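Enquirer: structural data only, the sequence is not supplied:
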């Protein structure tokens, strides 16, 4: 059963690990590079939109994609706060994780409904 689950959700697993690495490792210092304010929120939004899209593609269920993105986003914020010395947990980052997942799932659901009505 576990093997079947791992095979079914392999791309969700890959995306989850990639996101974890990106959010938990220390990034190079970019303070000398002018960037957009709150770019980290945009990054969180996009990463979790991608995760929700991949999860929904594999599961075919919107609720699984949303729950996984919400749980994984929360776990990663807690890990940033308590398990790293180079990162800090931020609940607004988690809110952007959830927002990215919700928008992605909504776009997929609306797109599938329109496709069926063609």
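Expert: Perfect, thanks for sending it. Because the structure is a prediction, the values reported are computed rather than measured.

Enquirer: in contact with the residue nearest the centre of the chain, which residues?
Expert: Centroid check for the chain by CA atoms, centre = their mean gives residue 48 as the closest residue, at 2.2 Å. Residues counted as contacts of residue 48 (CB atoms under 8 Å, 6 or more residues apart in numbering) are 19, 69, 73, 96, 97, 98, 100, 101, 104. The C-beta positions use only the backbone N, C-alpha and C, and glycine is treated the same way.

Enquirer: ditto for residue 16
Expert: Applying CB under 8 Å, 6+ apart, we find residue 16 in contact with 51, 68, 72.

Enquirer: which SS class is it?
Expert: Of the three states, residue 16 takes helix according to DSSP: H, G, I helix; E, B strand; the rest coil.

Enquirer: so how far is residue 4 from it?
Expert: 18 Å (CB to CB, to the nearest Å).

Enquirer: now residue 46
Expert: Taking CB to CB, one finds residue 46 at 30 Å from residue 4.

Enquirer: could you dump the contacts of residue 16 into TSV and include neighbour count?
Expert: Below are the contacts of residue 16 laid out as TSV (neighbours: other CB atoms under 10 Å):
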residue	neighbour count
51	25
68	21
72	21
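
Enquirer: turn these into JSON lines, including pLDDT, distance to residue 83 and secondary structure.
Expert: What follows is those, written out as JSON lines (pLDDT from 0 to 100; distance: CB to CB, whole Å; DSSP: H, G, I helix; E, B strand; the rest coil):
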{"residue": "51", "pLDDT": "97", "distance to residue 83": "20", "secondary structure": "helix"}
{"residue": "68", "pLDDT": "96", "distance to residue 83": "20", "secondary structure": "helix"}
{"residue": "72", "pLDDT": "97", "distance to residue 83": "15", "secondary structure": "helix"}
